[in-house]
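**Student:** can't give you the sequence, but here's the structure:
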């Protein structure tokens with residue numbers, strides 16, 4: 001006979017399984033599980049060993065029938081300084097002695113003919129033609145953390161991603177990949193041969209995209225290739241292989257009213273030593289260096305008139321680029337596209353950032369069941385831009401159906417509005433939901449935002465017994481299903497409990513992942529809306545609180561009440577103990593399982609939760625925002 005904890009864990013296991021990309025059809029043979037043939041056209045390479053010219057001249061011309069003419073106002077750069085073309089499209093630049101390419105910023109309304117970057121020479125020409133597409137309104141994809149290697153799962157997943165994007169209607173105009181394209185070792189331990197294999201796999205598959213892809217170098221993309229020529233201490237160390245396959249690692253392009261800038265903050269300067277398994281390794285210094293800060297300011301200062309700026313980098317430039325906030329104020333930086341931490345999250349401060357999950361999830365460890373450490377499916381962000389307005393949603397790789405209104409283990413009380421969507425709906429397709437897997441109820445279509453049909457349903461929980469239930473949403477056409485345990489918590493007091501319970505957690509435990517936070521004002525601990533304890537202001541402390549038997553319900557809700565609306569705390573995973581058994585929140589159980597799969601059993605105790613409205617701290621792979629915790633004791637009288 002299972003107890004309620006066994007039922008909860010079984011529900012979570014079912015949920016984790018059904019988050020896999022093909023839902024209940026996942027056991028069937030997937031015809032898309034094939035690796036695309038590698039397409040490897042020749043790309044411009046640096047002229048290694050050649051002296052850098054004292055001056056480079058050239059022209060940016062319009063490629064049109066009946067002759068060509070120069071295009072004024074196009075930014076031309078060597079990656080260290082920026083100049084504009086004159087009225088005739090001509091430019092002249094004195095390249096930095098560290099430069100390896102000369103290249104242009106794609107101006108809005110034009111497409112580049114041929115390559116947008118070329119090796120240094122005394123004379124370098126570029127050609128543009130008018131873009132056939134309206135750039136006032138468009139979509140693009142932000143993907144991050146592909147972590148491609150020789151691992152077949154990574155190649156199948158990347159191929160599936162390319163096929164999905166090529167099949168979208170309308171097609172996204174371009175892709176931005178914000179770092180960790182590959183899975184090379186941060187300390188440059190991989191051989192050059194391994195690096196070539198990974199780059200060939202990534203580039204060869206991504207070249208099947210029918211739209212441009214703009215790549216950001218990340219600390220897993222640097223290679224030991226040409227270390228003799230660019231040794232540690234040289235700010236170009238680790239970059240040559242990236243140059244040869246993908247081009248410059250600092251660049252910009254314009255589309256519509258947006259100036260996009262790619263920023264690489266990883267440098268192998270020999271200044272950051274980390275002991276790993278008893279061996280001291282040199283890891284990258286993750287801070288943009290002065291020569292590139294100068295370039296960033298010049299690049300944004302030369303952007304087209306009236307354009308806002310969106311940066312793409314591996315992580316938040318506020319933390320990794322000195323003077324970034326001053327740049328943001330001066331150059332109208334509105335958004336950062338970031339990755340690295342493999343979660344779907346955003347930070348809302350002066351320059352907000354949005355973390356785009358991870359395409360990889362964790363290719364290299366099947367125990368993670370194709371999930372990110374925040375339980376998001378491996379996937380990517382899709383953006384819609386209209387003028388200066390940007391909006392986005394996250395799409396799981398291989399998934400069309402998503403529950404968007406409720407997280408795993410969310411408490412349901414009274415009348416609940418359920419919201420879900422289906423991506424690229426087919427004629428006649430709709431969604432339906434079930435709480436028992438037997439009886440299915442139709443959902444009502446309420447909108448058609450970009451790429452999606454959104455459906456809603458009102459669910460009355462009064463007739464559903466308190467406890468864990470498996471919410472399922474499925475397509476009426478394909479039968480693709482998404483499943484998520486939810487907790488019905490109507491507060492049924494009919495069940496009587498005979499002994500007290502205890503509640504244990506620690507507030508403001510110091511971690512390396514987020515800012516530890518104790519309450520700054522009065523903070524009360526509530527179980528089932530009844531006071532069971534008070535937190536000490538400004539103090540890191542472990543709490544063990546008694547929960548009287550007469551307060552206990554089949555479903556018990558832990559909440560925190562702060563006197564200051566902007567107050568909050570960080571806390572470890574709360575444990576609810578009754579009759580010698582430890583109970584945890586269903587979302588907490590699932591997160592602990594996935595953290596252990598990603599980083600080992602010790603990781604289940606890393607980090608915890610952020611309750612309240614305090615900012616910072618920010619969410620990380622180990623610290624998630626959550627204000628209500630559910631402990632299900634059904635059947636444990």
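**Tutor:** That came in fine, so what should we check first? Being a predicted model, the structure only gives us computed values, none of them experimental.

**Student:** now the strand or helix carrying residue 325: buried residues?
**Tutor:** Residue 325 is part of helix 324-331 when elements are defined by DSSP states H and E. Neighbour-count burial for helix 324-331 flags 324, 327, 328, 331 (criterion: 16 or more other Cβ atoms under 10 Å). From N, CA and C alone the C-beta is placed, and that goes for glycine too.

**Student:** helices or strands up against that helix?
**Tutor:** Packing contacts for helix 324-331, counted by 3 or more Cβ pairs under 8 Å, 6 or more residues apart in numbering; DSSP states H and E, involve helix 290-301, helix 317-320.

**Student:** hang on, the earlier thing: closest to residue 618 out of the buried residues of helix 324-331?
**Tutor:** Here the nearest of these to residue 618, counting by Cβ to Cβ, is residue 324; it sits at 15.7 Å.

**Student:** against residue 494, how distant is the nearest residue to the closest one once chain neighbours are set aside?
**Tutor:** Using Cβ to Cβ, 6 or more residues apart in numbering and skipping the chain neighbours, the partner closest in space to residue 324 is residue 317 (4.6 Å). Residue 317 sits 55 Å away from residue 494, going by Cβ to Cβ, to the nearest Å.

**Student:** before we move on, the earlier item: starting at the chain centroid, how far to the helix holding residue 325?
**Tutor:** 23 Å (Cα atoms, centre = their mean, to the nearest Å).

**Student:** who's in contact with it?
**Tutor:** Helix 324-331 is contacted by residues 296, 297, 300, 301, 303, 309, 317, 318, 321, 333, 350, 351 when judged by Cβ atoms under 8 Å, 6 or more residues apart in numbering.

**Student:** which of these tops the neighbour count?
**Tutor:** residue 317 (27 neighbours; other Cβ atoms under 10 Å).

**Student:** correct me if wrong: that one contacts residue 263.
**Tutor:** Yes: taking contact to mean Cβ atoms under 8 Å, the distance of 6.3 Å between residue 317 and residue 263 places them in contact.

**Student:** overlap of the contact sets of the two?
**Tutor:** 288, 311.

**Student:** show me the shaky parts of the stretch 1-150 of the chain.
**Tutor:** Residues of the stretch 1-150 of the chain meeting the criterion pLDDT under 70: 1-32, 65-67.

**Student:** quick revisit: tell me what angle the helix holding residue 325 forms with helix 290-301.
**Tutor:** 20 degrees (axes from the mean of the first three to the mean of the last three Cα atoms, to 10 degrees).

**Student:** hang on, the earlier thing: CSV for the buried residues of helix 324-331, including distance to residue 564?
**Tutor:** Formatted as CSV, the buried residues of helix 324-331 follow (distance: Cβ to Cβ, whole Å):
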residue, distance to residue 564
324, 29
327, 33
328, 28
331, 35
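
**Student:** for this protein, what spans make up the helices?
**Tutor:** 4-18, 152-167, 192-206, 240-246, 290-301, 317-320, 324-331, 586-599 (DSSP state H).

**Student:** do you know which of these lies nearest residue 39?
**Tutor:** Closest among the helices of the chain, using Cβ to Cβ: helix 192-206, at 5.5 Å.

**Student:** in the closest one, what's buried?
**Tutor:** Those would be 194, 195, 197, 198, 199, 201, 202, 203, 204, 205, 206, for helix 192-206 by 16+ other Cβ under 10 Å.

**Student:** same question for stretch 412-427.
**Tutor:** 412, 416, 418, 419, 420, 421, 422, 423, 425.

**Student:** quick one: low-confidence parts of the chain?
**Tutor:** In the chain, residues with pLDDT under 70: 1-32, 65-67, 635-637.

**Student:** residue 535 is nearest to which of the helices of the chain?
**Tutor:** Here helix 586-599 is closest among those (Cβ to Cβ), at 19.3 Å.

**Student:** who touches the closest one?
**Tutor:** For helix 586-599, using Cβ under 8 Å, 6+ apart, the contacting residues are 8-9, 11-12, 15-16, 362, 365, 367-369, 371-375, 407-409, 468, 485, 487, 573-574, 584, 603-604, 606, 609, 621-622, 624, 626, 629-630, 632.

**Student:** tell me how far that helix is from the chain's mean position?
**Tutor:** 18 Å.

**Student:** stretch 472-481 too?
**Tutor:** Worked out by Cα atoms, centre = their mean, stretch 472-481 lies 26 Å from the chain centre.

**Student:** again, but for stretch 469-489
**Tutor:** Between the centre of stretch 469-489 and the centre of its chain there are 24 Å (Cα atoms, centre = their mean).

**Student:** what does stretch 207-226 give?
**Tutor:** For stretch 207-226, the distance to the chain centre is 17 Å (Cα atoms, centre = their mean).

**Student:** for stretch 552-559, same thing?
**Tutor:** 33 Å.

**Student:** cool, and stretch 417-425?
**Tutor:** The answer for stretch 417-425 is 21 Å, by Cα atoms, centre = their mean.

**Student:** how about the contacts made by residue 176?
**Tutor:** So residue 176 contacts 140, 141, 142, 143, 213, 214, 216, 260, 312, 337 (Cβ under 8 Å, 6+ apart).

**Student:** ok, now with 10 Å
**Tutor:** Counting by Cβ atoms under 10 Å, 6 or more residues apart in numbering, residue 176 touches 140-144, 212-216, 253, 260, 262, 310, 312, 337, 356, 381, 383.

**Student:** can you list the buried residues of helix 192-206 in JSON lines and add distance to residue 152?
**Tutor:** Putting these into JSON lines (distance: Cβ to Cβ, whole Å) gives the following:
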{"residue": "194", "distance to residue 152": "16"}
{"residue": "195", "distance to residue 152": "18"}
{"residue": "197", "distance to residue 152": "13"}
{"residue": "198", "distance to residue 152": "13"}
{"residue": "199", "distance to residue 152": "17"}
{"residue": "201", "distance to residue 152": "10"}
{"residue": "202", "distance to residue 152": "14"}
{"residue": "203", "distance to residue 152": "17"}
{"residue": "204", "distance to residue 152": "14"}
{"residue": "205", "distance to residue 152": "12"}
{"residue": "206", "distance to residue 152": "17"}
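
**Student:** pull the most distant pair out of the residues you listed.
**Tutor:** 194 and 206 (18.7 Å).

**Student:** tell me the domain ranges of the chain?
**Tutor:** The chain breaks down by automatic domain parsing into domains covering 56-127, 133-396, 401-488, 496-632.

**Student:** so which of those domains is nearest residue 45?
**Tutor:** It's domain 133-396; of the domains of the chain, that one is closest to residue 45 (Cβ to Cβ) at 5.3 Å.

**Student:** first-to-last residue distance for the closest one?
**Tutor:** 28 Å (Cα to Cα, to the nearest Å).

**Student:** ok, stretch 613-626 next?
**Tutor:** So stretch 613-626: terminal residues 10 Å apart, Cα to Cα.

**Student:** would you list the phi and psi of the residue lying closest to residue 250 once chain neighbours are set aside?
**Tutor:** Leaving aside its chain neighbours, residue 250 sits nearest to residue 79 (5.3 Å; criterion: Cβ to Cβ, 6+ apart). According to degrees, to the nearest 10, the main-chain angles of residue 79 amount to phi 90, psi 0.

**Student:** surely residue 175 meets residue 165?
**Tutor:** Yes: with contact defined as Cβ atoms under 10 Å, residue 175 counts as touching residue 165 (6.9 Å).

**Student:** great, nothing more from me.
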